[in-house]
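K.L.:
Curious how this folds, go ahead:
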Amino acid sequence: MVRQKTDWGEVLWLTENKEILSIQGLQVGLVSLYAGSCQPKHIHYDEQVIYVVQGQAISVLDGEESHLRVGEFYHWKAGVEHRIYNTGNVPFQHLLVSNPVIEEVNQEFPEREEADKKPIAPDLIYIAAEAIRTQFLETLHYGYAIFDSLGNLILQSQYFPEFCVECCQPSNNAGICSCMRQVSPKEWEQEHVYYCKNGMEVYHYPICFRGVFLGYIQSGYIRHSGSGKGKIENVYDVPESVVAGIKSLLQRIVKAIKNFCEFEQFRRELMEKELCIASHEESQRILVKNLQDTQYAMTDLKISNHFLFNTLNSMASMALDGGLMPLYQSIVDLSKMFHYTLRTQNSTVPLGKEVEYVQAYLQLQKLRYEDDLEVIYKIDRKTLQARVPFNFLQPIVENAFVHGFSETVRKKIKIVSNRKKDMVEIKIINSGNKLTSQSCYVINQGIQSSTSHGLSMIYYKLQAVFGENCEFRIGSEKNGDTCFRIQIPFRVVSTERRLYDSGSDM
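P.N.:
Below you'll find the model as predicted:
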């Protein structure tokens with residue numbers, strides 16, 4: 001047995017059969033919460049099953065209160081917010097079985113000869129972090145920060161312990177809190193455990209791929225009495241099982257990033273080899289044509305079910321209230337959108353048609369938001385016949401409603417087009433959430449990745465039509481508004497195609 005003393009009590013860890021327990025990734029101990037003591041609010045980094053042996057206590061799990069009774073089993077998942085109060089006169093004791101939730105994801109890739117291995121691009125870690133962000137990282141309610149090999153912040157969690165928020169305000173000092181800059185650049189490539197100036201314990205794990213240092217991740221931000229550091233008022237003194245859970249989680253994140261890097265690098269190498277196989281001009285033309293057809297099949301973004309649901313609900317309400325004229329106009333706008341998406345068979349259309357499509361979409365959004373939505377168009381007539389990809393504009397506008405706007409503020413969308421010599425510049429500006437230059441940098445990296453996110457698919461639509469002679473980036477205006485800026489060559493849609501499209505006037 002190993003005894004761990006804490007502020008609130010002690011844990012007697014079972015060390016017998018340690019070989020068996022370590023294989024299963026389990027930790028077992030007898031936890032004693034002293035009379036009159038409590039475990040302050042904390043996040044579970046590990047999955048726990050407990051059996052109450054003695055005493056009584058109140059548990060508050062994700063804000064929900066319950067009484068813990070002798071002889072009962074309880075199961076607490078990883079990621080929950082928890083606190084316990086001993087309400088009795090004797091120590092509250094329970095048998096704890098902790099599982100750090102280790103998930104090994106083994107992906108096998110073909111072996112490559114040393115001569116076949118390509119240089120590792122520095123943007124690989126950005127693409128990997130963006131790829132695992134929505135499905136993995138954003139589900140974690142823990143504090144972490146990921147940096148590239150130069151120390152630039154890639155991604156930072158919005159969840160940090162209350163003590164960290166009070167001392168350093170990580171959300172207002174993204175990537176520059178003193179604890180995040182404590183490890184010397186010369187030591188970034190090694191694992192570290194260190195303590196911030198306020199006494200919290202931090203873990204530093206490097207991220208390496210094929211022998212190349214891509215960056216590092218930092219997490220933890222806990223108080224652990226086993227470290228020998230002094231007490232911090234109202235900060236939970238974590239048991240050893242939490243330390244094991246944090247280290248396991250960091251290993252999983254590093255593993256997930258490395259797995260995606262392997263996949264992305266393999267995809268890039270495979271694409272290079274496929275291009276080399278095309279030994280003559282006709283083979284190359286067929287390959288490019290098939291690639292473009294596949295891209296359009298994958299990236300023909302439609303109106304989301306959520307949007308249609310909201311729109312039709314609003315129409316139904318208006319019909320009940322007798323608003324016949326607005327209802328009629330809304331149905332016309334919606335049918336325009338369906339007509340455009342179903343009728344158009346070409347991969348490119350005049351910009352004017354795309355603008356009409358967006359106008360119909362925004363009219364329907366006006367139905368929902370009424371005077372809270374302001375729409376401004378500044379379209380240069382010289383750009384109306386410019387050749388653009390089919391259905392590339394509306395998903396960018398919709399992005400503002402999905403990710404940019406808050407439900408409580410007035411919304412403003414501005415669409416601008418200008419002819420600049422042989423180029424056309426298109427800007428979609430919204431008054432949504434303000435973005436920092438670092439956030440813009442990370443989003444731009446994601447746009448140019450192949451992660452299948454909406455904005456990245458728009459970028460590949462533009463590339464399929466214009467090759468490398470186009471630009472699609474996000475930035476901030478002087479007043480803080482978010483601006484999507486597109487630059488493409490000015491090419492007029494052919495007369496035959498223009499006549500075909502005009503036959504389907506909306």
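K.L.:
Poorly predicted segments of the stretch 51-200 of the chain, please.
P.N.:
100-118 (pLDDT under 70).
K.L.:
Domain boundaries for the chain, per the record?
P.N.:
Per the record, the chain has its domains at 2-99, 114-277, 298-502, by automatic domain parsing.
K.L.:
now the ones you listed as JSON lines including mean neighbour count?
P.N.:
Placement of C-beta: from N, CA and C, glycine included. Output for those, formatted as JSON lines (neighbours: other Cβ atoms under 10 Å):
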{"stretch": "domain 2-99", "mean neighbour count": "16"}
{"stretch": "domain 114-277", "mean neighbour count": "17"}
{"stretch": "domain 298-502", "mean neighbour count": "17"}
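K.L.:
which stretch in the ones you listed is the model least sure about?
P.N.:
For those, the weakest mean pLDDT is recorded on domain 298-502, namely a mean of 79.
K.L.:
Can I take it that C167 is in a strand?
P.N.:
No - using DSSP: H, G, I helix; E, B strand; the rest coil, the assignment for C167 is helix, not a strand.
K.L.:
Distance check, it against K197.
P.N.:
Distance from C167 to K197, counting by Cβ to Cβ, to the nearest Å: 9 Å.
K.L.:
Same question for Y441.
P.N.:
Applying Cβ to Cβ, the value for Y441 to K197 is 28 Å.
K.L.:
What of A386?
P.N.:
According to Cβ to Cβ, A386 and K197 sit 56 Å apart.
K.L.:
Same question for P119.
P.N.:
39 Å.
K.L.:
Same check on N391?
P.N.:
From N391 across to K197, the span is 52 Å (Cβ to Cβ).
K.L.:
now C38, nearest residue through space, not along the chain?
P.N.:
Excluding its sequence neighbours, the residue lying closest to C38 (Cβ to Cβ, 6 or more residues apart in numbering) is Y85, at 4.5 Å.
K.L.:
host element of that neighbour?
P.N.:
Taking DSSP states H and E as the definition, Y85 sits inside strand 81-86.
K.L.:
Run the angle between the next helix or strand after that strand and strand 81-86 for me.
P.N.:
With elements assigned by DSSP H and E, the helix or strand that comes after strand 81-86 is strand 92-99. Between strand 92-99 and strand 81-86, the angle comes out at 150 degrees (axes from the mean of the first three to the mean of the last three Cα atoms, to 10 degrees).
K.L.:
how far out from the middle of the chain is strand 92-99?
P.N.:
Put simply, strand 92-99 sits 34 Å off its chain's centre (Cα atoms, centre = their mean, to the nearest Å).
K.L.:
Can you tell me what sits against that strand?
P.N.:
Strand 92-99 is contacted from outside by 11, 24-33, 35, 46-57, 68, 84, 86, 239, 241, 244-245, using Cβ atoms under 8 Å, 6 or more residues apart in numbering.
K.L.:
show me where this protein has helices.
P.N.:
Using DSSP state H, the helices of the chain run over 18-24, 124-133, 162-168, 240-277, 281-299, 305-321, 324-343, 351-369, 394-399, 437-447, 454-466, 495-502.
K.L.:
For K378, see how far away D371 is.
P.N.:
Counting by Cβ to Cβ - D371 and K378 are separated by 21 Å.
K.L.:
Bridged to H75, which residues?
P.N.:
Judged by DSSP bridges, the bridge partners of H75 are V49.
K.L.:
quick one on the thing from earlier: list the neighbouring strands of the strand holding Y85 plus their orientation.
P.N.:
Strands adjacent to strand 81-86 in the sheet, as given by DSSP bridges, are strand 38-43 (antiparallel), strand 57-61 (antiparallel).
K.L.:
then that strand to CSV, C-alphas only?
P.N.:
Listed in CSV are the C-alpha atoms of strand 81-86, where the atom choice follows Å, rounded to 0.1, in the frame of the first residue of the first chain:
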residue,chain,number,x,y,z
GLU,A,81,-17.1,18.9,-13.1
HIS,A,82,-17.3,17.6,-9.5
ARG,A,83,-17.1,18.4,-5.9
ILE,A,84,-17.9,16.4,-2.7
TYR,A,85,-18.8,17.5,0.9
ASN,A,86,-18.4,15.3,3.9
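K.L.:
how far is that strand from where the chain is centred?
P.N.:
Distance of strand 81-86 from its chain centroid, counting by Cα atoms, centre = their mean, is 30 Å.
K.L.:
right, so of the strands paired with strand 81-86, which gets closest to E272?
P.N.:
E272 lies closest, by Cβ to Cβ, to one member of those: strand 38-43, at 44.2 Å.
K.L.:
what residues does that closest one touch?
P.N.:
8, 33, 60, 79-86, 141-142, 159, 161-162, 234-236, 238, 242.
K.L.:
Quick check: the gap between the residue sitting furthest away from the middle of the chain and E356.
P.N.:
Centroid-distance maximum for the chain: N89 at 47.1 Å, with Cα atoms, centre = their mean. Applying Cβ to Cβ, the value for N89 to E356 is 76 Å.
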